[in-house]
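Visitor: need coordinates for the below:
(chains A and B)
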Amino acid sequence: MDLDFISEHFPRLLKATKLTIELTCLSLFFGIFVGVFFAILRTSKNKILFFISYYYSYIFRGTPLLVQIFIIYFGLGQVEWIRESFLWIVLKEPYSCAILAFTLNTGAYSSEIFRSAFETINKGILEAAKGLGLNKTHTFFKIKLPIAIKQSLPAYGNEMILMLKGTSLASTVTLLDLTGVAKHIISTTFRPVEVFIVAGSIYLLMTFIIHNFIKFLEKRLYYPK
Amino acid sequence: MGLLAFGDTGWGDELFFATLMTIAVAAAAIFIGFFLAAIFASFKLSKIRILNLIGSFYTTVFRGVPELLVIYLFFFGGSGAIMYVAKIFGYDGYIEINAFITGAISIGLISGAYSTEVFRGAIQSINKGQFEASEVLGFKKKIYYYKIIIPQMLRLALPNISNVWQITLKDTSLISVTGLVEIMRMSYIAAGSTRDPLFFYSFAAVLYLFLTFLSMKLFNKLELHYNKGY
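Guide: Residues are numbered from 1 along each chain as shown, chains lettered A, B, ... in the order given. Here you go, the predicted model:
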């Protein structure tokens, strides 16, 4: 362990952490909407909507994230009409490509989490809502959603940590996130162990924060049955 | 479809062997993982505090740090570490470990961290009476673990082992950064030389879907088999 070496490169790693946090937060934020949207489609009685949602989550959960990023970043740019359309604004930048891929990926996993949360809501509660004369929107926002959020918290916390680790793949499309910078330092200085310890500790600190944040929320939202 | 032809004109045979390579790395990794999990799960379940700590440290680190970072550690650090050891024994030459071993070890370590939790959970969910009965019947610990606890544990762990296998299979795509020619690397090469990345990466996605689909079917069959008596 060489402390001088570590203190020399620590600021760069810390700066790269900002990008990692940014990528994680943005993808999770958009991913929640995608997840809820497809979870609702999954519960719909329309067969086509059901199949769209089913295969969306099947494909994105059955393939590696790396393939998804490569298809979006390297693959879609090849298609003529995409390059001429407004989509090209999003797809020409590695930054937005990475966010798009992460969003779709976490959306698929969270749609499964939210779906199972919606499915476990007690039927009696919904009947009570109907009996009280609440309309569909009210039932959804005031009753279904709060219960589903509480129900899905532990699993969603895991998904947040998986997404945090997933953002490391942004380094494969030229972005300099924490892993990207770590790799750069390793390949120029050939000191893999020190860099791994520093970058790894930063990642572990972030997972620790997410873990405790979820625990805190679970406690806040706890109510005796 | 000409791009997928077998032989010199297409990429069919190359991608086929690349798929076999993916399966081989994933299989090697999951077995390394099982081996590590058997050790670390027993650490986590032991009554000795320091062993508990070692077990928790292992699972926390390898489940909390991105896979790519672990791969870089072994890719850049692996041969250095081996050369360092070799130097102690008086060998001064350059040693390079091959990409397959690097990949299998790094993914194996990660997969092992997940398997550790799976094994630990499965052993803990076995009825306490089974342990007590084995002890009362005078079995030695080693024997009753092999003959009574582990067979039951495997049945309980099977659904989660299936999950770990899927994660491991998908993680192998990351080894492509070290140059090991598995599905991702082959698609990258093919995409580069034909300038058709959309087709080859989509085909890679199809190959992975096929592999995950196949393994799901296989594990479902295994589960049916092992749950016959229940």
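
Visitor: report all helices and strands that the longest helix along chain A contacts.
Guide: In chain A, assigned by DSSP state H, the helix with the most residues is helix A:3-43. If you count contacts as 3 or more CB pairs under 8 Å, 6 or more residues apart in numbering or on different chains; DSSP states H and E, helix A:3-43 packs onto helix A:47-62, helix A:94-119, helix A:145-166, helix A:178-189, helix A:192-220. (Glycine included, C-beta is placed from N, CA and C.)

Visitor: got the buried residues for the first one?
Guide: Residues of helix A:47-62 classed as buried by neighbour count (16 or more other CB atoms under 10 Å in any protein chain shown): A:Ser53, A:Tyr56, A:Ser57, A:Tyr58, A:Ile59, A:Phe60, A:Arg61, A:Gly62.

Visitor: do the same with the longest one
Guide: Taking 16+ other CB under 10 Å as the neighbour-count basis, helix A:192-220 is seen to contain the buried residues A:192, A:194-196, A:198-200, A:202-203, A:206-207, A:210-211, A:214, A:217.

Visitor: also stretch B:116-131?
Guide: B:Thr116, B:Glu117, B:Val118, B:Phe119, B:Arg120, B:Ala122, B:Ile123, B:Ile126, B:Phe131.

Visitor: from B:Tyr188, how far off is the third one?
Guide: So that's B:Val118. 32 Å (CB to CB, to the nearest Å).

Visitor: again with the first one
Guide: Counting by CB to CB, the gap from B:Thr116 to B:Tyr188 is 33 Å.

Visitor: run through the residues of chain B sitting next to chain A.
Guide: B:60-61, B:64-70, B:72-73, B:76-77, B:80, B:170-171, B:173-174, B:176-177, B:184, B:187-188, B:191, B:195-198, B:201-202, B:204-205, B:208-209, B:212-213 (CB under 8 Å from any CB of the partner chain).

Visitor: and the buried ones among those residues, selectable in ChimeraX?
Guide: Selection of buried members from these for ChimeraX, criterion 16+ other CB under 10 Å:
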select /B:61,64,65,66,67,68,69,70,72,73,76,77,170,171,173,174,176,177,184,187,188,191,196,197,198,201,202,204,205,208,209,212
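
Visitor: out of the residues of chain B next to chain A, which sit inside helices?
Guide: Per DSSP H, the residues of chain B next to chain A map to helices at B:60-61, B:64, B:67-70, B:72-73, B:76-77, B:80, B:170-171, B:184, B:187-188, B:191, B:197-198, B:201-202, B:204-205, B:208-209, B:212-213.

Visitor: circling back to that earlier point, centre of the chain to the longest helix of chain A, how far?
Guide: Helix A:3-43 sits 8 Å away from the centroid of its parent chain (CA atoms, centre = their mean, to the nearest Å).

Visitor: specify the angle between that helix and helix A:94-119 in degrees.
Guide: Angle between the axes of helix A:3-43 and helix A:94-119 is 50 degrees (criterion: axes from the mean of the first three to the mean of the last three CA atoms, to 10 degrees).

Visitor: most centrally placed residue in chain B?
Guide: B:Ile30 (2.8 Å; CA atoms, centre = their mean).

Visitor: once you drop chain neighbours, what's closest to it?
Guide: B:Thr168 (5.1 Å; CB to CB, 6 or more residues apart in numbering or on different chains).

Visitor: and the pLDDT for B:Met1?
Guide: With respect to pLDDT, B:Met1 scores 60.

Visitor: distance of the spatially closest residue to B:Glu96 that is not a sequence neighbour relative to B:Ile95?
Guide: Leaving aside its chain neighbours, B:Glu96 sits nearest to B:Ser79 (5.2 Å; criterion: CB to CB, 6+ apart). According to CB to CB, B:Ser79 and B:Ile95 sit 6 Å apart.

Visitor: now swap in B:Val177 and tell me
Guide: Noted for B:Val177: a distance of 21 Å to B:Ile95, by CB to CB.

Visitor: now swap in A:Thr207 and tell me
Guide: A:Thr207 is 34 Å from B:Ile95, by CB to CB.

Visitor: B:Met216 now?
Guide: 40 Å.

Visitor: same question for B:Asn127.
Guide: As judged by CB to CB, B:Asn127 and B:Ile95 stand 50 Å apart.

Visitor: if you count surrounding residues, which of B:Ser79 and B:Ile95 has more?
Guide: B:Ser79 (17 against 14; other CB atoms under 10 Å in any protein chain shown).

Visitor: may I see the buried residues of the top helix by length along chain B?
Guide: What stands out as the longest helix in chain B, according to DSSP H, is helix B:12-45. By 16+ other CB under 10 Å, the buried positions in helix B:12-45 come out as B:14-15, B:18-19, B:21-23, B:25-26, B:28-30, B:32-34, B:36-37, B:39-44.

Visitor: repeat that for stretch B:89-103.
Guide: Of the residues in stretch B:89-103, those buried (16+ other CB under 10 Å) are B:Ala99, B:Phe100, B:Thr102, B:Gly103.

Visitor: and those residues, which two are furthest apart?
Guide: The distance between the two most remote of those (CB to CB) is 7.3 Å, for B:Phe100 and B:Thr102.

Visitor: intersection of neighbour lists for the two?
Guide: B:Leu180 (CB atoms under 8 Å, 6 or more residues apart in numbering or on different chains).

Visitor: contacting residues for residue 65?
Guide: Unless you meant another one, I'm taking chain A. With CB under 8 Å, 6+ apart, A:Leu65 has these contacts: A:Ala101, A:Phe102, A:Asn105, A:Gly166, A:Leu169, B:Lys170.

Visitor: let me rephrase: I mean chain B.
Guide: By CB under 8 Å, 6+ apart, the neighbours of B:Val65 are A:Lys165, A:Gly200, A:Tyr203, A:Leu204.

Visitor: with adjacent residues omitted, what lies nearest to A:Gly200?
Guide: Sequence neighbours aside, B:Val65 is the residue nearest to A:Gly200 in space, at 4.5 Å (criterion: CB to CB, 6+ apart).
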